[in-house]
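Visitor: sequence unavailable; structure follows:
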């Protein structure tokens, strides 16, 4: 059992739109602590530290690259203090937002250095595993895998965001990517964000056919509708979400949770259903 949404929950708990999430949770430790504790009580067995966008490139975009070490160390350590006796804490990484060659300017060597830097900080802070999520391409995932092997021996979980047919946004499919990552020694692979759980059944089933390592499913709470004020309202409530996620479990997913639009109530419904 994984956790559910972080950014969407924080928006509901006072985080303004357009701010750097990592900086906001650093400055509001009581808000993220309460959310993490609610996930642990709801049944989450792995909770992601709020370090999703704390790589050097993403922090440069908001003028915070000089706080890279402080943010990664502190947010990981606080998560361990908040829930570490109850659950495993994952150091969370994601895309830099800059595609690799030939789709964009990022080189293998530059990306390797960026991910090693963040992974070292998270590992030294004491996380129990590393999770790279919402990835858009296999090339980026392979660099992450190389970086993890170079830095530590922690378990590595990799999840992509993809179309409902399994296509990745920068070429190829999640099925081919998963097979390549299994060969590279990744411990679990799957999909997060993307679409609602009702649209991922075929993806999870085909992933199960392609790899022997555990499959992760962490979908959104359905497809959002954007209101006039710019708020995302998700279409699926906790009960429906749990029903569909349990079907994904039957299709082969063994690490399950929620992404955007999900809350501790969604995790609680899944746990009750199981």
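Guide: Happy to help now that I have it. Note that the structure is a prediction, hence the values are computed from the model and not measured.

Visitor: what segments of the stretch 1-150 of the chain are helices?
Guide: With DSSP state H, counting those that start in this stretch as the criterion, the stretch 1-150 of the chain has helices at 7-12, 21-27, 29-42, 56-60, 68-83, 108-125, 138-151.

Visitor: got the buried residues for the shortest one?
Guide: Neighbour counts using 16 or more other Cβ atoms under 10 Å place 56-59 of helix 56-60 among the buried residues. Where you see a C-beta, it was placed from the backbone N, CA and C, and this is true even at glycine.

Visitor: can you name the residues that contact the spatially most central residue of the chain?
Guide: Of all residues in the chain, the one closest to the mean position by Cα atoms, centre = their mean is residue 133, 3.7 Å from it. Each residue near residue 133 by Cβ atoms under 8 Å, 6 or more residues apart in numbering is listed here: 48, 52, 92-94, 158-159, 192-193, 218.

Visitor: which one of the helices of the stretch 1-150 of the chain lies nearest to residue 268?
Guide: Nearest to residue 268, of all the helices of the stretch 1-150 of the chain, is helix 29-42, at 4.1 Å by Cβ to Cβ.

Visitor: buried stuff in that closest one?
Guide: 31-33, 35-36, 38-40, 42.

Visitor: still on that earlier bit, how about the residue nearest to the centre of the chain: which residues does it bridge to?
Guide: On the basis of DSSP bridges, residue 133 is bridged to residue 94.

Visitor: what about the nearest residue to residue 237 once chain neighbours are set aside, how many neighbours?
Guide: Spatial nearest neighbour of residue 237, excluding adjacent residues (Cβ to Cβ, 6 or more residues apart in numbering): residue 221 at 7.8 Å. The number of residues packed near residue 221 is 26, by other Cβ atoms under 10 Å.

Visitor: burial of residue 153, as a residue count?
Guide: Using other Cβ under 10 Å, residue 153 has 8 neighbouring residues.

Visitor: count the neighbours of the nearest residue to residue 144 once chain neighbours are set aside for me.
Guide: Leaving aside its sequence neighbours, residue 144 sits nearest to residue 132 (Cβ to Cβ, 6+ apart; 4.7 Å). Counted with other Cβ under 10 Å, the neighbours of residue 132 add up to 28.

Visitor: per-residue pLDDT, residue 101?
Guide: If you check residue 101, the pLDDT there is 88.

Visitor: pretty sure it contacts residue 107?
Guide: Yes. If you go by Cβ atoms under 8 Å, residue 101 and residue 107 touch, sitting 6.2 Å apart.

Visitor: okay, strands next: where are they in the stretch 151-274 of the chain?
Guide: 156-160, 188-193, 215-219, 224-226, 232-234, 253-256 (DSSP state E, counting those that start in this stretch).

Visitor: partners of the third one, with directions?
Guide: Strands that pair with strand 215-219, judged by DSSP bridges, come out as strand 188-193 (parallel), strand 253-256 (parallel).

Visitor: what do you get for the first one?
Guide: Neighbouring strands of strand 156-160 in its sheet, by DSSP bridges, are strand 129-135 (parallel), strand 188-193 (parallel).

Visitor: what's around the residue nearest to residue 204 when sequence neighbours are not counted, how many residues?
Guide: Nearest non-adjacent residue to residue 204, counting by Cβ to Cβ, 6+ apart: residue 251, 4.3 Å away. Residue 251 is flanked by 18 other residues according to other Cβ under 10 Å.

Visitor: surely residue 251 and residue 206 touch.
Guide: No. Taking contacts as Cβ under 8 Å, residue 251 lies outside contact range of residue 206: 9.2 Å.
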